[in-house]
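*Asks:* Kindly generate the corresponding structure for this input.
(chains A and B)
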Amino acid sequence: MTNALSCRGLSKSYGKIGPWALNNVNLDLPSGQIVGLLGPNGSGKTTLLKLACGLLTPTGGTLLVGGAAPGLETKKRVSYLPDRNYLPSWMRTGDLLDYFGDFYTDFDRKKAEDMLKRLELDKKMQLKAMSKGTREKVQLVLVMSRAADLYLLDEPIGGVDPAARDYILDTIISNYREDATVVISTHLIADVEKVLDTVVFLNGGKIGLVSTTDAIRAEQGKSVDTLFREVYRC
Amino acid sequence: MDWDFDDQRPIYAQLVEQVERAVVSGIWPPGSRLPGVRELASEAGVNPNTMQRALAALEQGGLVYAQRTAGRFVTEDEALIADKRRSLAGSLAADFVGNMRALGVNGDELCRLVRAAAEAPKAAGAPP
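*Replies:* Numbers count the residues shown, from 1 in each chain, chains lettered A, B, ... in the order given. Reported below is the predicted structural model:
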């Protein structure tokens, strides 16, 4: 079976001779999994996601999404939640539904409207009038309402309160298709580890560890969060 | 039902254990239908694949059985449930005795304390 995401010797530098945001990364993520991309600030999480979306080009090595190099075809099948607001701030939630409906053929408007209702988000509200947390919820609803093969979520729970975090994780669990892959980048490990299949530790642009939540707990007798704190102690 | 996880052991093992408890204590009565994997995973806040794995293990043990189209059900085999109750109670008792020994409480004194607690009108620390 083709991997949802596959990297070989993947490297990225934002300068001419470094420093390396990603340094010789080899990684295969199979389909049908929820993957946690975990690492301290500046470890290369966002860079890896942006490469997978085709927003950046590798300095070296290759990256394949469902067996294909990032481009027009992969963008149809990848649903990306950036770590910042990229939508026009004058738009109302209702406008955004139209916008996504126009852009993506796999956008399920009814699903989005149901989720907005459950989160009690007003369709007439403008993005610029929303709090950071509310804006993040709206963006997540839009991204999870696509029937994509690969979801790339950059810090989906960073800006919301603990109660809303649970709701957002539940939204992710109950809305991804069974054979789709969800990559969640975050440093809030304790909040996400129960929903992860695979755990990828990234540090200084390199892969530190690839395992599963339950394998880490079974072998080390400690949570992923505790292990992370030990490995990356400052 | 309420799901609760500790930080040391695999989620999968804890799911198996909590379903066993739900069956033994009658929260999920014999013959009752279980919610779908997705629904259970969402309720427990865990990964659907992990929930699937736990349910497969429970099926293997016979406490739960699958019917091709109708879904998963709790066994109607009362003897099997009674067996499971005994083994869960046995391991709780062993834990308890271990903790008491660590406190230096043994033999007759331990039995006396247990009897007193059992006969108290409302057992202290009992689950609600």
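*Asks:* contacting residues around the residue nearest in space to the middle of chain A?
*Replies:* Nearest residue to the geometric centre of chain A (C-alpha atoms, centre = their mean): residue A:153, 1.8 Å. With contact taken as C-beta atoms under 8 Å, 6 or more residues apart in numbering or on different chains, residue A:153 is in contact with A:81, A:140, A:143, A:172, A:182, A:183, A:184, A:185. Placement of C-beta: from N, CA and C, glycine included.
*Asks:* Narrow these to those in strands?
*Replies:* Of the contacts of residue A:153, the ones assigned to strands by DSSP state E are A:81, A:182, A:183, A:184, A:185.
*Asks:* Okay, and the beta partners of the second one?
*Replies:* Pointing back at residue A:182 there. residue A:34, residue A:151 (DSSP bridges).
*Asks:* ok, which stretches of chain B are strands?
*Replies:* Ranges of strands in chain B, per DSSP E, are B:64-67, B:71-74.
*Asks:* mean confidence for the first one?
*Replies:* So the one you mean is strand B:64-67. Mean pLDDT, strand B:64-67: 92.
*Asks:* who does it touch, helix- and strand-wise?
*Replies:* The contact analysis (3 or more C-beta pairs under 8 Å, 6 or more residues apart in numbering or on different chains; DSSP states H and E) places strand B:64-67 against helix B:48-61, strand B:71-74.
*Asks:* Is residue A:207 part of a helix or strand, or is it coil?
*Replies:* Look at residue A:207: counting by DSSP: H, G, I helix; E, B strand; the rest coil, its state is strand.
*Asks:* my bad, residue A:28
*Replies:* Per three-state DSSP, residue A:28 ends up strand.
*Asks:* rewinding a little: nearest to residue A:192, out of the ones in strands among the contacts of residue A:153: which one, please.
*Replies:* Checking those against residue A:192 by C-beta to C-beta gives residue A:184 as the nearest, at 6.0 Å.
*Asks:* That closest one and residue A:33 touch, don't they?
*Replies:* No: Residue A:184 is beyond contact range of residue A:33, at 10.9 Å (criterion: C-beta atoms under 8 Å).
*Asks:* Between the two, which is the more surrounded one?
*Replies:* Ranked by neighbour count (other C-beta atoms under 10 Å in any protein chain shown), residue A:184 and residue A:33 place residue A:184 first, with 25 against 19.
*Asks:* quick revisit: tell me the most buried of the strands of chain B?
*Replies:* strand B:71-74 (a mean of 17; mean count of other C-beta atoms under 10 Å in any protein chain shown).
*Asks:* starting at the chain centroid, how far to that one?
*Replies:* 17 Å (C-alpha atoms, centre = their mean, to the nearest Å).
*Asks:* swap in stretch B:82-92?
*Replies:* Averaging C-alpha positions (C-alpha atoms, centre = their mean) puts stretch B:82-92 9 Å from its chain's average.
*Asks:* how about the residue most central in space within chain B, what does it touch?
*Replies:* With distances taken as C-alpha atoms, centre = their mean, the residue of chain B nearest its centroid is residue B:21 (2.0 Å). The contact partners of residue B:21, taken as C-beta under 8 Å, 6+ apart, are B:27, B:88.
*Asks:* Tell me the spacing between it and chain A.
*Replies:* 18 Å (C-beta to the nearest C-beta, to the nearest Å).
*Asks:* For the residue nearest to residue A:83 when sequence neighbours are not counted, grab the count of nearby residues.
*Replies:* Sequence neighbours aside, residue A:154 is the residue nearest to residue A:83 in space, at 4.1 Å (criterion: C-beta to C-beta, 6 or more residues apart in numbering or on different chains). The number of residues packed near residue A:154 is 21, by other C-beta under 10 Å.
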